[in-house]
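Undergrad: Curious how this folds, go ahead:
(chains A, B, C and D)
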Protein chains: 2
Amino acid sequence: MASRSTYHHGNLRAALVEGALALVAERGIGALSVAEVARRVGVSSGAPYRHFAHRPALLAATAVEMAHRLTASLRDVLPELHEPLGDLDAVDVTARAAAAYTRFTIEHGAGLDLIFSDELHGLDDRDLLEAGRAVMDALVPTAMTVTHGDARAALRLIERQIAAAHGYAALLRTGFLDRRHPTADDVADHVAAIARSVALTSRDDALT
Amino acid sequence: MASRSTYHHGNLRAALVEGALALVAERGIGALSVAEVARRVGVSSGAPYRHFAHRPALLAATAVEMAHRLTASLRDVLPELHEPLGDLDAVDVTARAAAAYTRFTIEHGAGLDLIFSDELHGLDDRDLLEAGRAVMDALVPTAMTVTHGDARAALRLIERQIAAAHGYAALLRTGFLDRRHPTADDVADHVAAIARSVALTSRDDALT
DNA sequence: GTCTATACTAGGATAGAC
DNA sequence: GTCTATCCTAGTATAGAC
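TA: As a prediction, this is how the structure comes out:
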């Protein structure tokens, strides 16, 4: 794509967010630079500043788009919850969601850690808050089913599953796992296993 | 500490590693710069290059020292394993080790992810390989007790516990948890709970 | 063995031309 | 709305003085 000279991008802002997503996916949040994104999109290094005041603003817009996509990914594997779900079924569903979340973070280089990061929280971006809430709303109902309606326990369960996902993703990124599990699906399976273990524990605690 | 002029450090190399450990602890691996470490130690920005050829070499030396300290931390909470251990006891001991590992990574900003990272693996540093092996040697026996002697399952168990630790540590670092659990001990408790759940699952799988 | 000075790279951010 | 040009900051690494 892209020809030369007098670039007339219909929508540079969106193109920049897209480029930022790709860069974060390839090299992680820390490697996101405005200059590199501009280079990828094919504009000058100053151009992005017409759309984003500074690097954190670009990162926040990227996080919003990521949250939208994450919500969509999770909804793909989570049921609508109009009909009740057996609690053993709910355990399996949370494990499936954890696996999906794992694949997402591996493929995108980030997830809820970016969306809810302190770094961006300081910006008070309403779109970001809204998009982050939507992600959690997708996860909570099934977790609540596992914990028999205990909201605090449900959040704790989600947190533990998310932590497992990020931990495995981190080990994969740094190369700790490379002598064993190459694919994202393998890693997602491990996380699903952990997610299942902790969900069963949560459920049993709830039954006490 | 440190006075002015004609710095005569008995051992600048060790001081640099110490400074690097402190910097990694405060700001993470990505923020480690030779210049900043030199500044902290109180020498010029060129001085470190008399002891380390480049940034990765300093990072590797830092990782070696970290591995030594990690091994010591783990040995503090792990039994000598001269006498046999009941398998339920072994589950608890792995959970305790996971908690200790979690506190270590939070306090040091890194752990096995750095020690076994691809970035450093390319250097083929014998000291680092040796030090990394020592960490694993500290963890394996108890895990093997849980898995009734299945070595592959034991490594998988350790990996999952390590992943949980890094995941929670990452969520804490990014600020995702700040609305809930401030202290390292709280986080370590969560990881211990996950570690216990996965250890029980591992044990039950081994009994099948 | 450390210091000073320097060359080079890369990114953040702004000003003014078009 | 994008480009060119520019200034600043910060880091890696090397050379030569002391």
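Undergrad: tell me, how many neighbours does the nearest residue to residue A:29 once chain neighbours are set aside end up with?
TA: Nearest residue to residue A:29, sequence neighbours excluded (CB to CB, 6 or more residues apart in numbering or on different chains): residue A:110, at 5.4 Å. For the C-beta atoms, the positions are set from N, CA and C on the backbone; glycine is no exception. Look at residue A:110: counted by other CB atoms under 10 Å in any protein chain shown, it has 24 neighbours.
Undergrad: per-residue pLDDT, residue A:110?
TA: With respect to pLDDT, residue A:110 scores 98.
Undergrad: before we move on, what about residue A:84?
TA: Residue A:84 carries a pLDDT score of 73 in this model.
Undergrad: Any stretches of chain A with poor pLDDT?
TA: Applying pLDDT under 70 to chain A flags residues A:1-8, A:81-82, A:87-88.
Undergrad: Domain-wise, how is it divided?
TA: Annotated domains of chain A cover A:1-52, A:62-207 [automatic domain parsing].
Undergrad: Now tell me what touches stretch A:41-56 from outside.
TA: A:2, A:7, A:9, A:12-13, A:15-16, A:18-19, A:32-35, A:37-39, A:58, A:61, A:119-120, A:123 (CB atoms under 8 Å, 6 or more residues apart in numbering or on different chains).
Undergrad: Just the buried positions in that stretch, please.
TA: Using 16 or more other CB atoms under 10 Å in any protein chain shown as the test for burial, stretch A:41-56 gives A:41-43, A:47-48, A:51-52, A:55.
Undergrad: so can I have CSV of those residues showing distance to residue B:89 and secondary structure?
TA: Converted to CSV, those look like this (distance: CB to CB, whole Å; DSSP: H, G, I helix; E, B strand; the rest coil):
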residue, distance to residue B:89, secondary structure
A:41, 58, helix
A:42, 62, coil
A:43, 62, coil
A:47, 63, helix
A:48, 58, helix
A:51, 60, coil
A:52, 56, coil
A:55, 51, helix
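Undergrad: so which of those also contact DNA strand C?
TA: Contacts with DNA strand C within the buried residues of stretch A:41-56, as defined by CB under 7 Å from any atom of the strand: residue A:55.
Undergrad: Just flag the most distant two among the buried residues of stretch A:41-56.
TA: Farthest apart among the buried residues of stretch A:41-56 by CB to CB are A:42 and A:55. That separation is 19.2 Å.
Undergrad: helix/strand/coil for residue A:197?
TA: Residue A:197 falls in the helix class when you classify it by DSSP: H, G, I helix; E, B strand; the rest coil.
Undergrad: try residue A:79
TA: At residue A:79 the chain is in coil, as set by three-state DSSP.
Undergrad: that older thread, could you pick out which of the contacts of stretch A:41-56 are located in helices?
TA: A:12-13, A:15-16, A:18-19, A:34-35, A:37-39, A:58, A:61, A:119-120 (DSSP state H).
Undergrad: just those now: which is nearest residue A:133?
TA: Among the ones in helices among the contacts of stretch A:41-56, residue A:120 lies closest to residue A:133 (CB to CB), at 14.1 Å.
Undergrad: what's the distance between residue A:105 and residue A:173?
TA: 10 Å (CB to CB, to the nearest Å).
Undergrad: Looking at those two, which is more packed in?
TA: residue A:105 (28 against 17).
Undergrad: Correct me if wrong: that one contacts residue A:166.
TA: Yes: counting by CB atoms under 8 Å, residue A:105 touches residue A:166, with 6.4 Å between them.
Undergrad: Any chance you could list residues touching both of the two?
TA: Both residue A:105 and residue A:166 are contacted by A:111, A:113, under the criterion CB under 8 Å, 6+ apart.
Undergrad: ok, and of the contacts of stretch A:41-56, which contact chain B?
TA: For chain B, the contacts drawn from the contacts of stretch A:41-56 by CB under 8 Å from any CB of the partner chain are residue A:119.
Undergrad: are any of the contacts of stretch A:41-56 buried, and which?
TA: By neighbour count, with 16+ other CB under 10 Å, these hold A:12, A:15-16, A:18-19, A:32, A:34, A:37-38, A:58, A:61, A:120, A:123 as buried.
Undergrad: Among these, which one lies nearest to DNA strand C?
TA: residue A:34 (3.4 Å; CB to the nearest atom of the strand).
Undergrad: Would you quantify the distance from that closest one to residue A:19?
TA: 10 Å.
Undergrad: Spell out which residues of chain A are next to chain B.
TA: Contacts of chain A with chain B, taken as CB under 8 Å from any CB, map to A:30, A:112-114, A:116-119, A:121, A:155-156, A:159-160, A:162-168, A:170-171, A:174-178, A:180, A:190-191, A:193-194, A:196-198, A:200-201.
Undergrad: Quick check: residues of chain A near DNA strand C?
TA: Within reach of DNA strand C by CB under 7 Å from any atom of the strand, chain A has these residues: A:32-36, A:45-46, A:49, A:53-55.
Undergrad: which of the residues in stretch A:63-77 are buried?
TA: Within stretch A:63-77, the residues that qualify as buried are A:63-67, A:69-71, A:73-74, A:77, counting by 16+ other CB under 10 Å.
Undergrad: hang on, I meant stretch A:148-162
TA: Buried residues in stretch A:148-162 (16+ other CB under 10 Å): A:150, A:153-162.
Undergrad: now swap in stretch A:125-139 and tell me
TA: So for stretch A:125-139, counting by 16+ other CB under 10 Å, buried means A:125, A:128-129, A:131-132, A:134-136, A:138-139.
Undergrad: Just the residues contacting that stretch, thanks.
TA: Counting by CB under 8 Å, 6+ apart, A:60, A:63-64, A:67-68, A:70-71, A:74-75, A:78, A:97, A:112, A:115-116, A:120, A:158 sit against stretch A:125-139.
Undergrad: Narrow these to those in helices?
TA: Taking DSSP H as the definition of helices, the contacts of stretch A:125-139 contribute A:60, A:63-64, A:67-68, A:70-71, A:74-75, A:97, A:112, A:115, A:120, A:158.
Undergrad: among those, which are within reach of DNA strand D?
TA: By CB under 7 Å from any atom of the strand, no member of these lies near DNA strand D.
Undergrad: Between which two of these is the distance greatest?
TA: Taking CB to CB as the measure, the ones in helices among the contacts of stretch A:125-139 span a maximum distance of 25.2 Å, between A:60 and A:97.
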